[in-house]
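Undergrad: Predicted model and sequence below, questions to follow.
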Amino acid sequence: MEEMTNAVKPYESLEFTDDFIFWKVLTTDLYLCRELLELVLGVEIEKVELAEGQKTMQPQPDSHGIRLDVYVVDEAHSVYDIDMQTKLSEHLPKRMRYYQSVIDLNQLESGKSYSMLNRSYVIFICLADLFKVGMAVYQFKNLCVNDTSIELGDETEKIILNAAGSRDGLSQKMTNFLDYLMTHEAKDKFTKALAKAVDRARNNPKWRNDYMKYEADKADLINQGIAIGEARGKEQGIAIGEARGEARGEARGKEEERIYNIRCIMSKFKLSLDQAMDTIGLSKDEKKRMLSLMNKK
């Protein structure tokens with residue numbers, strides 16, 4: 001098997017929008033983490049009690065797990081997931097739905113009352129517009145369809161920031177933050193603090209080693225998944241080839257192999273289907289074909 005050779009971005013060129021630096025900065029500087037949450041939500045937060053990076057949650061051993069970029073708990077026990085999304089996927093809304101459900105399952109122990117569920121927020125920071133309408137901030141709550149003045153009161157919110165969106169009506173601080181995400185140019189106290197934190201991260205030798213190990217482990221797991229997929233694809237291809245002809249069997253085997261590769265990568269790295277297909281380098285046409293095949297299974 002030919003190993004994947006995707007180029008690893010040099011550590012010195014990593015920015016706040018790169019996932020490794022993103023979660024390292026926000027989990028080691030709780031003041032910046034709190035300030036970011038206050039900016040996004042427009043509320044005051046007294047204190048961030050906990051900020052965990054790359055937190056994995058899996059409700060059941062055989063269920064689909066999630067990996068949160070930054071998992072935060074404040075002094076009021078409200079829970080926040082902050083994720084950087086540099087690549088958009090049409091499945092992003094359902095991903096947010098699943099994240100919120102798994103966060104709730106993680107909070108509520110067996111036998112506990114539903115009243116024990118804390119307020120929770122899922123925040124995705126994007127560099128492009130998922131909804132194609134030009135807004136910079138999309139904030140979602142559960143409201144009554146018949147009368148939108150009635151809120152369900154489940155204490156959950158989902159927020160999507162679109163750094164490429166219009167700056168109309170935004171505060172100067174939010175404008176500066178979104179500009180920083182797009183250009184990496186710091187213009188005010190907050191973005192300058194973020195830029196300094198990124199510089200400190202780049203000059204941290206331990207984190208540099210952590211990053212190289214992080215990328216190496218990721219590549220190894222992807223290659224392992226591909227190897228398993230190739231073996232399974234060949235087995236299925238042989239079986240089908242014997243029954244229906246070698247040529248058709250080989251073609252079907254390659255399809256099965258690719259589908260299995262995609263599913264392995266999704267499971268190993270907690271990625272969406274679209275992200276997994278990007279990881280193995282599928283073209284737009286190949287993605288459409290894979291989606292069609294996988295929907296039939």
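TA: The structure has been received and is ready for your questions.

Undergrad: can we go C-alpha only for contacts and neighbour counts from here?
TA: Will do.

Undergrad: ok, then the element right after the helix-or-strand element of the chain with minimal mean pLDDT?
TA: Lowest mean confidence among the helices and strands of the chain (mean pLDDT, DSSP states H and E): helix 246-269, at a mean of 64. Under the assignment DSSP states H and E, the closest C-terminal helix or strand after helix 246-269 is helix 273-279.

Undergrad: Can you list the helices and strands that that following helix packs against?
TA: Applying 3 or more CA pairs under 8 Å, 6 or more residues apart in numbering; DSSP states H and E, we find helix 273-279 packed against helix 246-269.

Undergrad: rerun at 10 Å
TA: Helix 273-279 sits against helix 246-269, helix 284-296, with contacts defined as 3 or more CA pairs under 10 Å, 6 or more residues apart in numbering; DSSP states H and E.

Undergrad: what about the shortest one, average pLDDT?
TA: So that's helix 284-296. What helix 284-296 shows for mean pLDDT is 77.

Undergrad: Also stretch 28-43?
TA: Here the average pLDDT along stretch 28-43 is 97.

Undergrad: Please save the CA atoms from it in PDB.
TA: Only the C-alpha atoms of stretch 28-43 are listed here, as PDB (Å, rounded to 0.1, in the frame of the first residue of the first chain):
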ATOM      1  CA  THR A  28      -4.100  27.500  28.200                       C
ATOM      2  CA  ASP A  29      -5.200  31.100  28.400                       C
ATOM      3  CA  LEU A  30      -8.600  31.100  30.100                       C
ATOM      4  CA  TYR A  31      -8.800  34.900  30.000                       C
ATOM      5  CA  LEU A  32      -8.800  34.900  26.200                       C
ATOM      6  CA  CYS A  33     -11.200  31.900  26.200                       C
ATOM      7  CA  ARG A  34     -13.600  33.900  28.400                       C
ATOM      8  CA  GLU A  35     -13.300  37.000  26.300                       C
ATOM      9  CA  LEU A  36     -14.000  35.100  23.100                       C
ATOM     10  CA  LEU A  37     -17.200  33.600  24.600                       C
ATOM     11  CA  GLU A  38     -18.300  37.000  25.900                       C
ATOM     12  CA  LEU A  39     -17.800  38.500  22.400                       C
ATOM     13  CA  VAL A  40     -19.700  35.800  20.600                       C
ATOM     14  CA  LEU A  41     -22.600  35.500  23.100                       C
ATOM     15  CA  GLY A  42     -22.800  39.200  24.100                       C
ATOM     16  CA  VAL A  43     -23.000  38.200  27.800                       C
END
